[in-house]
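Undergrad: Quick check, what structure comes out for this input:
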Amino acid sequence: MKMQDIKTLIMSGTIILAVVLYMIFGRTPAEDKDSTTSEQQGIISIEAVEEKTGNDRFNVEYIKAYDGLSL
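TA: Prediction:
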């Protein structure tokens, strides 16, 4: 066995061990769902923002940056 083969075995074994430990002790998707908040708490209405800041929204016209002359 060459020295390169031994180095490859050690590196591969370390990576496989890390993956196995992550799969065993890592959080499951069910735990991820429990730690999130409901979607309703993350929604901010425009009216609430206008009321809180005192600023009114205004309409904006969007223009095209592509004029058709360049590729």
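
Undergrad: Which residue ranges of the protein form helices?
TA: For the chain, the helices defined by DSSP state H cover 3-25, 29-35, 46-53.

Undergrad: Nearest approach to Lys64 belongs to which of those?
TA: helix 46-53 (25.9 Å; Cβ to Cβ). No exception for glycine: its C-beta is placed from N, CA and C like everyone else's.

Undergrad: for that closest one, what is the average pLDDT?
TA: Helix 46-53 comes out with an average pLDDT of 88.

Undergrad: So for that helix, what gets flagged as buried?
TA: Using 16 or more other Cβ atoms under 10 Å as the test for burial, helix 46-53 gives no buried residues.

Undergrad: Please shift the residue numbers so they start at 628 in all later answers.
TA: Noted, 628 is the first residue going forward, which turns the last one into helix 673-680.

Undergrad: Off-centre distance for that helix?
TA: 28 Å (Cα atoms, centre = their mean, to the nearest Å).

Undergrad: Report all helices and strands that that helix contacts.
TA: Using 3 or more Cβ pairs under 8 Å, 6 or more residues apart in numbering; DSSP states H and E, no helix or strand is in contact with helix 673-680.

Undergrad: burial measure for Ser672, as a count.
TA: A total of 8 residues lie near Ser672 under the criterion other Cβ atoms under 10 Å.

Undergrad: Same check on Arg654?
TA: With other Cβ under 10 Å as criterion, Arg654 counts 10.

Undergrad: Tyr693 is nearest to which of the helices of the chain?
TA: helix 673-680 (29.7 Å).

Undergrad: With only the CA atoms kept, save that closest one in CSV.
TA: Extracted in CSV, the C-alpha atoms of helix 673-680 (Å, rounded to 0.1, in the frame of the first residue of the first chain):
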residue,chain,number,x,y,z
ILE,A,673,-48.9,48.6,3.6
GLU,A,674,-51.6,50.4,5.7
ALA,A,675,-49.7,49.5,8.9
VAL,A,676,-46.5,50.8,7.5
GLU,A,677,-48.1,54.1,6.3
GLU,A,678,-49.7,54.5,9.8
LYS,A,679,-46.5,53.8,11.7
THR,A,680,-44.2,55.9,9.5
